[in-house]
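Colleague: sharing a model that was predicted from the sequence below.
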Amino acid sequence: MTMLNNFDEYLSYLELLGASEYNHISGPMINHLTGTYNILSSWGAPLLTCKAGLFHAIYGPQGLPSPLISLEKRSDIKNFIGHDVEELVYFYCACDKGFVLPQFKTTSEIIFKDRFTGEEKKFDKNLMTSFCELTVANEIDVARGKDVEVYSDEILAMLKSMRIYINKNAQRELDSIFKKLPM
């Protein structure tokens, strides 16, 4: 389990940004952010990835109306959580998921598209594991936040295609989810 020394300080900051009042798919955003962090931590993901999990949606999840904080405040976030963590958070938030995620099933060279700028570039291999672990933890937390843990066929296919990029503990959790599902 990866431990974050100043977890309470980060939660207070997220509260200040309005994460307790911001409605996410399955309740307050703060619950989803801490749930994602807890999943990543339980997998023993690197501290950078766990910390990014706690902030992964602050620039606005794709499909929801507004961010917790605007992109103009990126330097404030960098100062608070650190440059590398903020870069991963931005990368995750900026991902045009409709463009990028289907590529995991079909190609080994993935093109990243920034939904904020429209820029396209080769997916940074150094970010692959962190990005995939964040994505998988996010989807697991969203599914667990429902009355019944439910995954669409599209989400299941994406999770399977990302399996090779995530750590062994995360792979075991995915395998356990796949075993519970009717085939």
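Modeller: Happy to help now that I have it.
Colleague: closest to the centroid, which residue in the chain?
Modeller: Leu134 (3.5 Å; Cα atoms, centre = their mean).
Colleague: need the contact list for it.
Modeller: Residues in contact with Leu134 (Cβ atoms under 8 Å, 6 or more residues apart in numbering) are 36, 40, 49, 52-53, 56, 88, 92. C-betas here are computed from N, CA, C, even on glycine.
Colleague: remind me, longest helix of the protein?
Modeller: When the chain is parsed with DSSP state H, its longest helix is helix 128-144.
Colleague: starting at the chain centroid, how far to it?
Modeller: Put simply, helix 128-144 sits 5 Å off its chain's centre (Cα atoms, centre = their mean, to the nearest Å).
Colleague: any buried residues in stretch 100-112, and which?
Modeller: By 16 or more other Cβ atoms under 10 Å, the buried positions in stretch 100-112 come out as 100-101, 103-104, 110, 112.
Colleague: average pLDDT for that stretch?
Modeller: The average pLDDT for stretch 100-112 rounds to 86.
Colleague: could you work out the end-to-end span of that stretch for me?
Modeller: End-to-end span of stretch 100-112 (Cα to Cα, to the nearest Å): 6 Å.
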